[in-house]
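Asker: Sequence first, then the predicted structure:
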Amino acid sequence: MSDSTMFESKPGFKRGGKRNEVPDMGRLFDRTPPHHIDAERSLIGSILLDPAVLNDVVELIPNGEMFYQESHGTIYQTLVETYEAHQTGDLVQLTESLRAKGVFDQVGGAEYLMELAEAVPSAANAVYYAKRIADSARLRKLIDAAGQILYDAYHQGGGGVDAAKGVIDLAEKRIFDIASEDVNAEPETLRELLLAEMERIEQADGKSVSGISTGFTDLDEMLSGLQAEEMLILAARPSMGKTAIALNIAEQIAFGGATPWAPRQINNPVAVGVFSLEMARGSLVQRLLSARSGVDSNQLRTGRVSDSEWDKLHRASADLAEAPIFIDDTPGMTVLTMRAKARRMKQRHNIGCIVIDYLQLLSSPSSARESRQAEVGEISRSVKSLARELKVPVICLAQLNRGAEQREGNRPKMSDLRESGSIEQDADVVMLLHRESYYHRGEPAWDPTSPEFDEDNREKLNLTELIIAKQRNGPTGTVKLTWDPSTVRFKTHDGMHSGGSYGFAKEMEGGSYGFDGPDFDPAPAAAPSFDEPPAPAKHTFAPGKKTGPEADFRDGSGNDVSFDDEELPPF
């Protein structure tokens, strides 16, 4: 028998018809859906014996829809409503409420209610009964979702080349919605939370970085590192360098907070998951190679590489082959697909940080009929929820609108975030990338090759400010960086990578003050090892010594002619 004949011959399934005519999976497979009538009877009996147990079970079963037997659901819902109104729910009040609703006889009348009241000797096991009922209800929801997925798959044959993708997106949403209903997490006492916080403070022991080091000392000092469960927005106008700095941070995180030009400061490598919705993975790899080797990215694109530069590329490639960075460049990804992929990365590779490039390129199938602002708001909340679920920091790149270009000074503000104000509300940290020279491109006073070049602008050509516009648990302020366009890398301003004075100003409690960082003497650390290292890169060279390039080609010298971040052609 063919599949189509099987489905047509089974009761509960019609081919064609309206969209809401989905298969009854129980009838389709001649099986009764999961249920536990005895647990339903016992739970209602427990509540009639001691209405106060509702406080313990209502979180597991918020309404009567989770009961398999309809009459039990009606009785339970009435008990919940009566208890909320009167803080009691004995048999007398239950009877009165059922009569007022006109359903007293439908649920079995006085005789059945007395039978339920005598179903259990005590209310001690009420929570156990509730868990059994809730588990059966979730299984039935999964079966219903499977039926809807089956129906969608059979009725999308003429939906075009992306029909399967649409069905998969909806399937993921249905399953995720069911998974999100799990409310079994118990609240922690303040005593437990205090003990954990005191232990964290003791372990910090005066260290400026309590989270994951970004490799930028000034930024780490401002944020105390990237904190677990936080959503960080990194926003800028197009071609300002969002992708470049995000890759720099991802690379340095994967090497334990170490920059290529300095000894490794922290022997704590962290696996990073990168979701690139804008650029192909080949382009990202090209940028990583250029940034780590110090070889001009334009030379990598054209293949005009000298022997000495090949040596640098070999060392950089050997280094990067050891880095636990996992890149997914699936275009047109939905937020549900991204979340599913992130969970797999967490399970398989134990990623400790996620980078999304960029937020507004994600889509949400559930908001297809809503405004773009509402859709971006839902995406933002979903990404924040992912950070909480996986307990990792999530760095989301985002586009700014043209507001900054229309105001004096061109400095961006949080209100410039494109398409949704909910992004700044959901974010724990909002960072705005600003480079003044970006707004003066083509002006003779900012062109070093022009006789009208203003020497006062030389230092500003590649000076970049990372404005911490919002930090939920810390100060705001500005971190100064230097943009090296030839190698697509940002560096701490003035080349200060350890010790000395930090190049940023803090703002706290309405005021601002200069901040001098502590002297820092980094200790060399062994190369990291991983339980599940990524597959080695295919190359024909010997890996050699795992060290970064020498500092002498990290002095910021070289080509001052800036090309834009997003304008680099594919690898």
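Answerer: Looks like it came in fine.
Asker: How about the backbone phi and psi for M231?
Answerer: As for M231, its main-chain torsions (degrees, to the nearest 10) stand at phi -110, psi 120.
Asker: likewise I395?
Answerer: phi -100, psi 120.
Asker: go on, E118?
Answerer: Backbone torsions for E118, taken as degrees, to the nearest 10, come to phi -100, psi 10.
Asker: Would you agree it is in contact with G45?
Answerer: Yes: in this structure E118 lies within contact range of G45 using C-beta atoms under 8 Å: 7.0 Å. Every C-beta, even on glycine, is put in place using the N, C-alpha and C of the backbone.
Asker: what are the ranges of the strands in the stretch 401-550 of the chain?
Answerer: Assigned by DSSP state E, counting those that start in this stretch, the strands in the stretch 401-550 of the chain fall at 429-434, 463-471, 476-484, 489-492, 504-508, 511-514.
Asker: out of those strands, nearest to R132?
Answerer: Nearest to R132 among the strands of the stretch 401-550 of the chain is strand 429-434 (43.0 Å), distances taken as C-beta to C-beta.
Asker: quick one, domains of the chain?
Answerer: 1-182, 209-508+547-567 (automatic domain parsing).
Asker: Check the ones you listed for me and report the most buried one.
Answerer: Stretch with highest mean neighbour count among those: domain 209-508+547-567 (a mean of 19; mean count of other C-beta atoms under 10 Å).
Asker: tell me which element the most far-flung residue of the chain relative to its centre falls in.
Answerer: For the chain, the residue at maximal distance from the C-alpha centroid (C-alpha atoms, centre = their mean) is E111, at 54.2 Å. Applying DSSP states H and E as the criterion places E111 in helix 109-117.
Asker: what mean pLDDT would you report for that helix?
Answerer: The average pLDDT for helix 109-117 rounds to 85.
Asker: Regarding this structure, what is its longest helix?
Answerer: For the chain, the helix that runs over the most residues, judged by DSSP state H, is helix 126-154.
Asker: Tell me what angle the following helix or strand past it forms with helix 126-154.
Answerer: Next in sequence after helix 126-154, counting helices and strands by DSSP H and E, comes helix 163-179. Orientation check (axes from the mean of the first three to the mean of the last three C-alpha atoms, to 10 degrees): helix 163-179 against helix 126-154 gives 170 degrees.
Asker: can you start the count at 9 instead of 1 from here on
Answerer: Noted, 9 is the first residue going forward, which turns the last one into helix 171-187.
Asker: Dump the C-alpha coordinates for the following helix or strand past helix 171-187 into CSV.
Answerer: Following helix 171-187 in sequence order, the next helix or strand is helix 198-212 (DSSP H and E). The C-alpha trace of helix 198-212 is given here as CSV (Å, rounded to 0.1, in the frame of the first residue of the first chain):
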residue,chain,number,x,y,z
LEU,A,198,18.9,33.8,49.0
ARG,A,199,21.2,31.8,51.3
GLU,A,200,22.3,29.6,48.3
LEU,A,201,22.7,32.6,46.0
LEU,A,202,24.8,34.5,48.6
LEU,A,203,27.1,31.5,49.1
ALA,A,204,27.7,31.3,45.3
GLU,A,205,28.3,35.1,45.1
MET,A,206,30.8,35.1,48.0
GLU,A,207,32.6,32.2,46.4
ARG,A,208,32.8,34.1,43.1
ILE,A,209,34.2,37.2,44.8
GLU,A,210,36.8,35.2,46.6
GLN,A,211,37.9,33.5,43.4
ALA,A,212,38.1,36.9,41.6
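Asker: Which other helices and strands does the helix or strand that helix 198-212 is followed by contact?
Answerer: The C-terminal neighbour of helix 198-212 among helices and strands, as given by DSSP H and E, is helix 225-231. The helices and strands touching helix 225-231, judged by 3 or more C-beta pairs under 8 Å, 6 or more residues apart in numbering; DSSP states H and E, are strand 471-479, strand 484-492, strand 512-516.
Asker: quick one: which of these has the weakest pLDDT on average?
Answerer: Per-stretch mean pLDDT for those is lowest at strand 512-516 (a mean of 41).
Asker: can you put the domains of the chain in TSV and add distance to E200?
Answerer: Below are the domains of the chain laid out as TSV (distance: least, C-beta to C-beta, whole Å):
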stretch	distance to E200
domain 9-190	19
domain 217-516+555-575	17
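Asker: To L198, which of the ones you listed lies closest?
Answerer: Distances from L198 to each of these were compared using C-beta to C-beta; the minimum, 18.4 Å, belongs to domain 217-516+555-575.
Asker: Using PDB, write out the CA atom coordinates for stretch 113-131.
Answerer: Presented in PDB, the C-alpha positions along stretch 113-131 are these (Å, rounded to 0.1, in the frame of the first residue of the first chain):
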ATOM      1  CA  ASP A 113     -24.300  17.300  36.200                       C
ATOM      2  CA  GLN A 114     -21.900  17.100  33.200                       C
ATOM      3  CA  VAL A 115     -18.900  16.400  35.400                       C
ATOM      4  CA  GLY A 116     -20.700  13.600  37.200                       C
ATOM      5  CA  GLY A 117     -22.700  15.200  39.900                       C
ATOM      6  CA  ALA A 118     -22.500  14.900  43.600                       C
ATOM      7  CA  GLU A 119     -21.800  11.100  43.500                       C
ATOM      8  CA  TYR A 120     -18.700  11.400  41.300                       C
ATOM      9  CA  LEU A 121     -17.400  14.400  43.300                       C
ATOM     10  CA  MET A 122     -17.700  12.300  46.500                       C
ATOM     11  CA  GLU A 123     -15.900   9.500  44.800                       C
ATOM     12  CA  LEU A 124     -13.000  11.800  43.800                       C
ATOM     13  CA  ALA A 125     -12.800  13.200  47.400                       C
ATOM     14  CA  GLU A 126     -12.300   9.600  48.700                       C
ATOM     15  CA  ALA A 127      -9.800   8.700  45.900                       C
ATOM     16  CA  VAL A 128      -6.700   9.200  48.100                       C
ATOM     17  CA  PRO A 129      -6.100   8.900  51.900                       C
ATOM     18  CA  SER A 130      -3.900  12.100  52.000                       C
ATOM     19  CA  ALA A 131      -2.600  15.000  49.900                       C
END
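Asker: Give me the contact list for it.
Answerer: Here stretch 113-131 makes contact (C-beta atoms under 8 Å, 6 or more residues apart in numbering) with 49-50, 52-58, 61, 79, 82-83, 99, 102-103, 106.
Asker: got it, and stretch 241-250?
Answerer: Residues contacting stretch 241-250 (C-beta under 8 Å, 6+ apart): 253-254, 365-367, 403-408, 410, 412-413, 420, 424-425, 431-432, 435, 437-443, 446, 472, 491, 498, 572-575.
Asker: Which ones among those residues map onto helices?
Answerer: Within the contacts of stretch 241-250, residues falling in helices by DSSP H are 253-254, 431-432.
Asker: In terms of pLDDT, where does L227 sit?
Answerer: 90.
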